[in-house]
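Enquirer: Okay, sequence plus prediction incoming.
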Amino acid sequence: MACFIAPTTAAIIVTVARKKIPPYYHIKWLLALLWGGVAWLIPEHIYHGEVVFYPPFFTAGLHGIIPEVLQVGIPMTIAVIIVWLVLVAAATFFKEKKFQLRFVHLMVVGAVIMIFVDKIFA
């Protein structure tokens, strides 16, 4: 219900700080993974009626938000960061070859990661 709050917050923080992060960290990859997952999660929660456009906005009530974010949202965000770190390590290892990842593909991967973690922890 509120699991998308953690990756959305992480995506906003990284988006704001992206110009201060050196290019060899491939921060655009992390942004694609995070925003891809968020772009899937928010409409999915709206479709299932877990998020509505009137207060309190979450149908389970405000008391259910923090446990959901801690139990599902944080693991989603950590999983995405781990995948990003593996990609950065692979790019560093294969430095002499072109290691290009497409933004759209990373968005799909981010969504799949978040779907997977959601199914495990929800």
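Expert: Received it, and whenever you're ready, just let me know what you need. Residues are numbered from 1 along each chain as shown.
Enquirer: check which helix or strand covers the closest residue to Ile115 other than its chain neighbours.
Expert: Using Cβ to Cβ, 6 or more residues apart in numbering and skipping the chain neighbours, the partner closest in space to Ile115 is Trp40 (7.0 Å). The C-beta positions use only the backbone N, C-alpha and C, and glycine is treated the same way. In the assignment (DSSP states H and E), Trp40 maps to helix 27-47.
Enquirer: quick one: contacts of the next helix-or-strand element following that helix?
Expert: The first helix or strand that comes after helix 27-47 along the chain, using DSSP H and E, is helix 65-68. Residues outside helix 65-68 that contact it (Cβ atoms under 8 Å, 6 or more residues apart in numbering) are Met1, Ala2, Cys3, Ile5, Phe58, Ala60.
Enquirer: buried sites along helix 65-68?
Expert: Using 16 or more other Cβ atoms under 10 Å as the burial criterion, the residues of helix 65-68 that qualify are Ile65, Glu68.
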